[in-house]
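Give me coordinates for this.
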Amino acid sequence: MTGRESDVCVIVEGAYPYVTGGVASWLQELITSLPELTFSVVAIKADEEPQKWNVEPPPNVIEVVEVPLSFAPRRPAALPPSLADRIGRLLLRFLQEGQPEILRTLVAELAALDRKPHPGDVMSSAQMFSILTEHYREAFPSASFHHFFWATRILLGGLLAVLLAPLPRARTYHTLSTGFAGLLAARARHETGRPAFLTEHGIYLLERQIEIMMAEWMGDQIDNGLALEREQHDLRDLWAAAFESYARGCYDVCHPIIALYGANSEVQARMGARRKSLRVIPNGIRPERFEGVVSRRDEQRPLIALIGRVVPIKDIKTFIRAAGLVHAAFPDARFAVLGPRDEDVDYALDCTALVDELGLGDVIAFPGRVNVVDWMPKIDILVLTSLSEAQPLVILEAGACGIPSVAPDVGSCRELIEGNKPGEPHGGIITALVDPEATAAALLRLLRHPDLRASMGEVMRARVHADYDWSGIVEQYRRIYSGKEEPRQMAVVGSPPVPRATLRDVANAIRGPSKG
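Below is the predicted model:
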């Protein structure tokens with residue numbers, strides 16, 4: 001902590017400066033594009049273990065404060081029993097109910113303490129254990145107490161960690177998600193009275209819900225099938241309620257609440273965001289970055305690439321299965337997954353096992369982290385198979401190089417590929433979600449018709465230059481940070497909410513009938 005006041009404090013969870021790509025690269029580009037402003041960054045990470053920085057902050061970042069959500073075991077300091085009980089019950093009430101006034105009370109009471117406790121002092125207290133065992137007996141008697149206990153320690157301990165962490169001084173606070181980052185922004189707003197606003201690249205809550213539905217370690221809980229109403233709760237309910245509460249705490253204080261496209265603004269509204277605060281600022285790229293790219297494509301052996309992390313949310317297994325189908329019909333095609341494999345080692349091993357099972361070891365490459373500018377000249381078709389996306393930069397980057405995309409109908413993929421207005425030419429093909437057969441069919445269509453592939457690539461190139469130039473996007477953030485102007489409010493139309501059963505279907509489809 002430098003003690004200096006920055007113009008902007010950006011709060012980010014599990015990304016900058018630890019990983020490259022995605023939100024981390026977007027934030028680095030934004031900060032670099034605003035050299036007249038100073039930034040502090042709060043980087044939320046899983047635990048106290050040192051974590052390598054893979055992004056070097058530019059000179060206008062005056063400090064990076066790392067906030068771990070969990071801590072190594074330590075002897076807790078004694079707290080007055082009444083204080084431990086009061087804090088513990090407020091934590092649990094907010095997790096259960098998500099009422100903003102509970103969060104405000106919690107922030108005020110912690111800020112008023114002369115000596116702030118360590119999160120472990122509260123979480124390891126006898127009073128906290130009593131509160132948790134009481135809640136277990138009332139709400140989760142059929143669940144594993146072991147899993148319940150550690151789940152609540154993670155959820156409540158993380159909540160307490162962000163409420164007690166060092167808070168940089170800033171004129172405005174900008175969180176890049178709800179979740180724990182959003183809670184820290186809410187705390188900053190309550191504690192300092194300074195403005196706080198939110199940019200969601202993807203809908204954090206929906207992504208966590210998908211992960212919760214996929215969590216195999218929760219499989220020993222009550223079997224409810226696809227029922228939407230249940231008499232008993234399992235641990236999925238606990239995790240889902242927590243992240244819903246954390247999202248409400250963030251939405252309550254942030255203005256504006258920015259999404260990358262209008263449909264996600266509607267999702268934010270359904271989840272509790274005030275409609276008058278909803279705004280849209282799309283993603284963008286610097287097209288000039290790719291002006292010097294010279295094609296090195298091999299017409300005899302076209303390359304199909306997925307650019308993304310090897311993690312479940314990117315559904316790499318659907319890409320692998322689609323590659324197997326394409327290879328059987330078009331043996332000369334090559335495939336590559338361009339992204340880190342170290343973020344979910346178990347899932348990466350599952351993907352490798354699936355490649356071996358399908359006999360694709362010589363067909364699909366996994367180079368790991370790459371410089372996309374070096375790879376774009378070789379790529380013929382870009383593929384995404386993600387379960388959730390907002391406005392993926394890789395589609396725009398490929399488009400700037402005249403490369404068409406095949407992507408599922410998630411986020412703004414359809415808008416990017418097919419345009420904003422009916423009748424616009426397409427820059428690729430949209431497929432169904434978790435559908436290897438549809439993905440393979442789209443790829444084979446483009447592989448067998450090189451002229452179509454080339455014309456769709458040129459459509460994407462023109463669209464990127466016309467609608468997604470980075471300079472205009474930076475100007476909108478400059479005005480928000482300066483307090484001079486907000487982005488335009490979007491007209492958001494209603495649409496039905498996504499039922500929990502759909503999330504379970506997606507999770508089951510990804511897992512498939514077996515581990516592979």
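
Could you name the specific helix or strand carrying residue 42?
strand 39-45 (DSSP states H and E).

partners of that strand, with directions?
Here strand 39-45 has these sheet partners by DSSP bridges: strand 6-13 (parallel), strand 61-68 (parallel).

Format the CA atom coordinates belonging to stretch 36-47 as PDB.
C-alpha atoms of stretch 36-47 as PDB (Å, rounded to 0.1, in the frame of the first residue of the first chain):
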ATOM      1  CA  GLU A  36      -3.000  10.600 -18.100                       C
ATOM      2  CA  LEU A  37      -4.800   8.700 -15.300                       C
ATOM      3  CA  THR A  38      -3.300   6.800 -12.300                       C
ATOM      4  CA  PHE A  39      -4.600   3.400 -11.400                       C
ATOM      5  CA  SER A  40      -4.400   1.100  -8.400                       C
ATOM      6  CA  VAL A  41      -5.300  -2.500  -8.900                       C
ATOM      7  CA  VAL A  42      -6.800  -4.900  -6.300                       C
ATOM      8  CA  ALA A  43      -5.900  -8.400  -7.500                       C
ATOM      9  CA  ILE A  44      -8.000 -11.000  -5.700                       C
ATOM     10  CA  LYS A  45      -6.500 -14.500  -5.700                       C
ATOM     11  CA  ALA A  46      -7.300 -17.800  -4.100                       C
ATOM     12  CA  ASP A  47      -4.800 -18.000  -1.200                       C
END
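
Quick check: buried residues in it?
Buried positions in stretch 36-47, judged by neighbour count with 16 or more other C-beta atoms under 10 Å: 37-45. In short, each C-beta sits where N, CA and C put it, glycine included.

same check, this time on stretch 349-368
Neighbour counts over stretch 349-368 (16+ other C-beta under 10 Å) mark 350-352, 354-355, 358, 360, 363-364, 366 as buried.

likewise stretch 164-174?
Here stretch 164-174 shows 164-165, 167-174 as buried, counting by 16+ other C-beta under 10 Å.

Equivalent analysis for stretch 184-198, please.
184-190, 192, 195-198.

Most widely separated two among those?
Of all pairs drawn from these, the greatest distance, 16.4 Å, lies between 192 and 198 (C-beta to C-beta).

returning to what we had before: so for residue 342, which of the strands paired with strand 39-45 sits nearest?
strand 6-13 (18.0 Å).

How is the chain partitioned into domains?
Per automatic domain parsing, the domain ranges recorded for the chain read 1-73+167-284+469-516, 288-467.

returning to that earlier point: filter the buried residues of stretch 184-198 down to just the ones in helices.
184-190, 192 (DSSP state H).

now the residues you listed in a markdown table, with pLDDT?
Formatted as a markdown table, these follow (pLDDT from 0 to 100):
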| residue | pLDDT |
| --- | --- |
| 184 | 98 |
| 185 | 98 |
| 186 | 97 |
| 187 | 97 |
| 188 | 97 |
| 189 | 97 |
| 190 | 96 |
| 192 | 96 |
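
most packed of the strands paired with strand 39-45?
Ranked by mean neighbour count, the strands paired with strand 39-45 are led by strand 6-13 with a mean of 24 (mean count of other C-beta atoms under 10 Å).

quick one: the helices in the stretch 401-516 of the chain?
Taking DSSP state H, counting those that start in this stretch as the test, the helices found in the stretch 401-516 of the chain are 413-418, 436-448, 450-467, 470-482, 500-511.

per-residue pLDDT, residue 366?
Residue 366 carries a pLDDT score of 97 in this model.

Quick check: closest non-adjacent residue to it.
residue 337 (5.1 Å; C-beta to C-beta, 6 or more residues apart in numbering).

ok, the one you found - contacts?
Residues in contact with residue 337, defined by C-beta atoms under 8 Å, 6 or more residues apart in numbering, are 305-306, 308, 310, 316, 319, 351, 364-366.

hmm, which two among these are most spread apart?
Among these, 305 and 351 lie farthest apart (C-beta to C-beta), at 15.2 Å.

quick one on the thing from earlier: could you redo the ones in helices among the buried residues of stretch 184-198 as CSV and give each row distance to residue 158?
Formatted as CSV, these follow (distance: C-beta to C-beta, whole Å):
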residue, distance to residue 158
184, 11
185, 15
186, 14
187, 13
188, 17
189, 19
190, 18
192, 21
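
picking up where we left off before, check the buried residues of stretch 36-47 and tell me the two furthest apart.
37 and 45 (24.6 Å).

For the stretch 201-350 of the chain, just list every one of the strands.
257-259, 278-280, 303-307, 334-338 (DSSP state E, counting those that start in this stretch).
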